[in-house]
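In: sharing a sequence plus its predicted fold:
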Amino acid sequence: MGADAYIGLMSGTSHDGIDAAVVTFDPAPNVITANTRPYSTDLADRLLSVTNEPRQAIDEVLGLDAQLGEAFGEAALAAITEAGIARQAIRAIGCHGHTLHHAPSGPHGNSWALGDPNWIAEATGLPVVADFRRRDIAAGGQGAPLAPAFHAFALGHPRENRAVVNLGGIANITLLPPAGPVSGFDTGPANTLLDSWVREHRGTPYDTDGTMAAAGTVIPELLESLRADPYFQRPSPKSTGREHFSREWLERFQPGRWRAVDVAATLAALTTTTVADALRPAGPERVLVCGGGVHNPVLMAGLREALPGTTVEGTRRHGLDPDMVEAAAFAWLARERLAGRPANEPAVTGARERVVLGGLYSP
């Protein structure tokens with residue numbers, strides 16, 4: 001054929017199918033072939049249903065997507081100013097976005113994070129890498145957690161069996177043996193349930209210094225019921241989110257029967273015991289903790305108690321601010337995307353193969 005060919009894909013408002021054309025431009029457009037692949041009846045009906053939803057909900061989500069993108073762009077510009085470096089020194093921005101929905105299982109799993117990268121690129125004039133999860137999902141993976149490859153790069157040790165624990169809304173672990181593949185998965189809730197409970201009963205966004213959980217006593221009956229959720233026994237690869245461990249999930253166990261401080265103590269224990277259960281088989285010598293939970297003395301003490309003989313400490317001792325490990329991970333993932341290097345870990349996500357992650361949005 002000679003000239004470079006490109007494929008154009010289009011789905012119109014008729015909901016009848018996908019138009020695909022193979023085209024060259026040497027020098028004028030030349031359509032080599034074109035066809036329409038019809039949608040199945042089920043897919044066409046679902047598309048029609050979604051597009052017929054009241055516009056208010058759609059406008060709200062899309063408006064948030066743009067507004068968050070603008071906010072991410074402003075945050076990037078502020079970081080450049082604070083760093084005192086020229087904007088041209090930045091090769092690219094890696095943006096995870098704000099997860100709206102994460103449902104990776106099934107034949108057509110999906111994950112959607114808000115924060116339109118087009119707005120970030122427009123605001124900063126820099127290349128943006130975003131939408132990291134969905135390529136891994138397309139390759140059969142969970143699309144999460146994605147930080148383990150970075151954890152191995154930044155925190156692995158050639159002679160020490162280590163693990164990294166991220167205590168964000170959801171807890172995830174990365175197992176870093178001195179030899180052998182990196183592995184890891186989401187263990188379950190870290191702060192999401194506790195934060196929700198504290199907001200409801202104390203009006204604060206989280207349990208500052210663990211004071212509410214520290215004032216209570218673990219309720220064995222409730223902890224046992226919470227730990228019986230099938231997710232905790234499910235083998236990896238696995239990932240989860242607020243879609244599963246929601247306030248509605250907690251309400252099934254009628255937590256209002258007990259003192260609020262005792263429920264808080266129990267939710268903290270749910271985090272520490274399920275994380276420790278996930279770590280124990282690997283026998284790490286050192287556990288490096290990052291995420292907001294590193295500042296909760298109750299969570300840190302609970303992990304140390306559940307893992308006797310193991311050093312449990314924050315990542316700051318190893319040169320990484322525990323509050324910024326995830327952000328650093330996505331900067332690194334942007335670097336890998338520009339270099340064209342695969343950055344997922346199939347042993348972690350369950351993907352069929354290693355793939356290059358993220359879409360590139362030019363300024």
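Out: That came through fine.
In: and the longest helix along the chain, how far out from the chain middle?
Out: For the chain, the helix with the greatest residue count under DSSP state H is helix 55-83. Centroid displacement of helix 55-83 relative to its chain, using Cα atoms, centre = their mean, to the nearest Å, is 18 Å.
In: which helices and strands sit right next to it?
Out: strand 110-114, helix 117-124 (3 or more Cβ pairs under 8 Å, 6 or more residues apart in numbering; DSSP states H and E). (Glycine included, C-beta is placed from N, CA and C.)
In: and residue 205, what is it in contact with?
Out: 195, 198-199 (Cβ atoms under 8 Å, 6 or more residues apart in numbering).
In: can you pick the most crowded of these?
Out: residue 198 (22 neighbours; other Cβ atoms under 10 Å).
In: element containing that one, please.
Out: Per DSSP states H and E, residue 198 falls inside helix 192-202.
In: after that helix, next one along is what?
Out: Sequence order places helix 211-214 as the next helix or strand after helix 192-202, per DSSP H and E.
In: packing partners of that following helix?
Out: Secondary-structure packing of helix 211-214 (3+ Cβ pairs under 8 Å, 6+ apart): helix 192-202, helix 260-279, helix 297-306.
In: give the buried residues for the second one.
Out: If you call a residue buried by 16 or more other Cβ atoms under 10 Å, then helix 260-279 has these buried ones: 260-276, 278-279.
In: now render the helices and strands packed on helix 211-214 as a markdown table, adding distance to residue 208.
Out: Formatted as a markdown table, the helices and strands packed on helix 211-214 follow (distance: least, Cβ to Cβ, whole Å):
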| stretch | distance to residue 208 |
| --- | --- |
| helix 192-202 | 9 |
| helix 260-279 | 12 |
| helix 297-306 | 11 |
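In: nearest to residue 330 among the contacts of residue 205?
Out: residue 195 (22.2 Å; Cβ to Cβ).
In: tell me the contacts of the nearest residue to the closest one once chain neighbours are set aside?
Out: Distance criterion Cβ to Cβ, 6 or more residues apart in numbering; nearest residue to residue 195, sequence neighbours excluded, is residue 206 at 4.8 Å. Applying Cβ under 8 Å, 6+ apart to residue 206 gives the contacts 191, 194-195, 198-199, 292.
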